[in-house]
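Asker: Compute the structure for the input listed below.
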Amino acid sequence: MRIVASLTSLSLDDELTRRNMSDGNTTSRLGGLIAGLKQRGWVEGVNYRFEIRSTFGGPDKLKSAVQELIGLKPDVILTGSTIETAAMLGATRTIPIVFATANDPVGNGFVESLARPGGNVTGFTSSTAEMGGKWLQLIKEAVPDIARVGVLYNPATTPRAGRFFLDSVEQEAAAAPPIIAQPLFPFLPRPPSASIPAAPIIPPPPSVQPPPPSQPPSIVPDANSKSDTLLGIDKEQITKYAPYAIGGVLLLLILKRSSK
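Answerer: Residues are numbered from 1 along each chain as shown. Model prediction:
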């Protein structure tokens, strides 16, 4: 009997997980997988066994879930995020892996190219580097008098340590407004091997440069800061919502509006 394995970020005791695994719920990733297999003659319990492990609970839980699934020697593994795919690929280079979504699969080393993945990994991506600039563009359209914007991001989980999205954000900010790019450290654990640059301030061209402040801005704490806020957001909120960051980017925050 074949074995189809999958990871989920939800708790296996969660009602949402059980609904997602129903073959009638084709709008969910797991439900769509089960329904698709059934349409092609693969029936759970008849000619294949479905094994799912939850990564809910942090890095240690992810590590143990990966090890458990690898130990089952499945025929294929389905992952649902960039982090899950990286963990699985670090554990096997032979078992086929299909990711439901991943940011920058080429830059992360999952595939050789989008046209020819190569190796044992393939899948789908819904993110492009241009999305970062689009986020800033939408903010500028919604708040035309914006004067300064902050970007909170997690270098440990953002593709290319943040550059995947920040490059297009900086390009969009070339005319205005200035951008402050702030890593989520020190509020999130810093990986031992991470080399995180200081938070850069990307100014607009001189022609649209706002008057210099009377004092240097002090809203960006360094890694040793004892502040309970980061770009004006309290530590509790950051640590609560950081796991749901899109590609490691928590949010673009309007820091200041132009005075009139």
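
Asker: In a strand, Leu152, correct?
Answerer: Yes: read with DSSP: H, G, I helix; E, B strand; the rest coil, Leu152 is one of the residues of a strand.

Asker: Adjust the sequence numbering to begin at 27 for everything that follows.
Answerer: Noted, 27 is the first residue going forward, which turns the last one into Leu178.

Asker: So the chain: which segments form each domain?
Answerer: 28-149, 157-283 (automatic domain parsing).

Asker: Ends of the shortest one, what's the gap?
Answerer: In other words, domain 28-149. End-to-end distance for domain 28-149, by Cα to Cα, to the nearest Å: 20 Å.

Asker: and that domain, average pLDDT?
Answerer: The average pLDDT within domain 28-149 is 89.

Asker: Ok, the last one next?
Answerer: Averaged over domain 157-283, pLDDT sits at 60.

Asker: what does stretch 66-80 contact?
Answerer: Stretch 66-80 is contacted from outside by 27-38, 43, 47, 56, 60, 63-64, 87, 91-92, 94-95, 98, 100-101, using Cβ atoms under 8 Å, 6 or more residues apart in numbering. Every residue, glycine included, has its C-beta placed from N, CA and C.

Asker: Cross-reference the residues you listed with the helices and report the matches.
Answerer: Thr43, Leu56, Ile60, Leu63, Lys64, Lys87, Ala91, Val92, Glu94, Leu95 (DSSP state H).

Asker: Roughly how far does the residue nearest to the last one when sequence neighbours are not counted sit from Gly144?
Answerer: The one in question is Leu95. Nearest residue to Leu95, sequence neighbours excluded (Cβ to Cβ, 6 or more residues apart in numbering): Ala31, at 4.5 Å. Using Cβ to Cβ, to the nearest Å, Ala31 is found at 22 Å from Gly144.

Asker: okay, those two: which has more neighbours?
Answerer: More crowded of Ala31 and Gly144, by other Cβ atoms under 10 Å: Ala31, with 25 against 10.

Asker: I figured the more buried one hits Pro100, correct?
Answerer: Yes: at 3.7 Å, Ala31 counts as touching Pro100 under the criterion of Cβ atoms under 8 Å.

Asker: For the ones in helices among the contacts of stretch 66-80, which two are the farthest from each other?
Answerer: Lys64 and Lys87 (29.6 Å; Cβ to Cβ).

Asker: Name the secondary structure element that contains the nearest residue to Phe150 once chain neighbours are set aside.
Answerer: Counting by Cβ to Cβ, 6+ apart, Phe150 lies nearest to Thr127, which is 5.7 Å off, once chain neighbours are set aside. For Thr127, there is no host helix or strand (DSSP states H and E).

Asker: list the contacts for Thr127?
Answerer: Gly106, Ser107, Thr108, Gly149, Phe150, Thr151, Ser152, Ser153.

Asker: And for Ser139?
Answerer: Val132.

Asker: Kindly report the same for Gln197.
Answerer: If you count contacts by Cβ under 8 Å, 6+ apart, Gln197 has them with Gly159.

Asker: what about it, which SS state?
Answerer: Gln197 - assigned by three-state DSSP - is helix.

Asker: From Arg189, how far out is it?
Answerer: For Gln197 relative to Arg189 (Cβ to Cβ), the value is 12 Å.

Asker: all strands for the stretch 127-276 of the chain, in order.
Answerer: Here the stretch 127-276 of the chain has its strands, by DSSP state E, counting those that start in this stretch, at 147-149, 172-179, 205-209, 227-228, 255-256, 259-260, 275-283.

Asker: and Arg79, that one's in a strand?
Answerer: Yes: the assignment for Arg79 (three-state DSSP) places it in a strand.

Asker: how many neighbours does the residue nearest to it when sequence neighbours are not counted have?
Answerer: Using Cβ to Cβ, 6+ apart and skipping the chain neighbours, the partner closest in space to Arg79 is Ala91 (3.8 Å). The number of residues packed near Ala91 is 22, by other Cβ under 10 Å.
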